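*Asks:* what would the 3D arrangement of this be:
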Amino acid sequence: MDSSSGVSSNSPGIPASSPEEDLRLIMDERKKKRMISNRDSARRSRLRKQQHLDELTREATRLRKENQELITNLNVITHYYINVETENAVLRAQVSELSQWLNSLNEMMAFGGGLCADDGGFMLLEPLYGI
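*Replies:* Down below sits the predicted model:
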């Protein structure tokens, strides 16, 4: 057969291809493979991004819960602190009152003869300092 008819003399019914056409077919095939690879890569990237977003959402939820627990604990401790401070103020007032009462008793004992101890001396009571 004539090679100008576009049919290869080696294979009947198959058109002859030039090296340029072969190269174009190879390049087209590579382009298709690259497009498929890029689509897969983009899909994996979107999946990783979604997983990361899900992880961040879970972390944010956990941190909000932990923050709420810390606020609750802080409120409980603050309430306890206020109660202790109030009790402390009451105890300080009682110490002051008792110390004044003790000072008055000591003054009365000093002027009125005081209490007699075993050795015959005076026994003065000491005020409650440092309590």
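*Asks:* which element, helix or strand, includes the residue nearest the centre of the chain?
*Replies:* Taking CA atoms, centre = their mean, the centroid of the chain lies closest to residue 63, which sits 4.9 Å from it. Residue 63 is located in helix 19-112, with elements delineated by DSSP states H and E.
*Asks:* quick revisit: how far away is the residue nearest to the centre of the chain from residue 56?
*Replies:* Using CB to CB, to the nearest Å, one obtains 10 Å as the distance from residue 63 to residue 56. Just so you know, the C-beta spots here come from the backbone N, C-alpha and C atoms, and that holds for glycine as well.
*Asks:* before we move on, what about residue 109?
*Replies:* For residue 109, the distance to residue 56 (CB to CB) stands at 77 Å.
*Asks:* and the two? Which one has more around it.
*Replies:* A side-by-side neighbour count of residue 109 and residue 56, using other CB atoms under 10 Å, places residue 109 first with 15 against 10.
*Asks:* ok, now how distant is residue 104 from residue 43?
*Replies:* Going from residue 104 to residue 43 by CB to CB gives 91 Å.
*Asks:* for residue 98, same thing?
*Replies:* Following CB to CB, the distance that separates residue 98 from residue 43 is 82 Å.
*Asks:* residue 68 too?
*Replies:* Taking CB to CB, one finds residue 68 at 38 Å from residue 43.
*Asks:* kindly report the same for residue 20.
*Replies:* 35 Å.
*Asks:* cool, residue 97 as well?
*Replies:* Distance, residue 97 to residue 43, by CB to CB: 81 Å.
*Asks:* residue 93 now?
*Replies:* Counting by CB to CB, the gap between residue 93 and residue 43 amounts to 75 Å.
*Asks:* count of neighbours near residue 95?
*Replies:* Residue crowding around residue 95 was assessed by other CB under 10 Å; the count is 15.
*Asks:* appreciated, that's everything.
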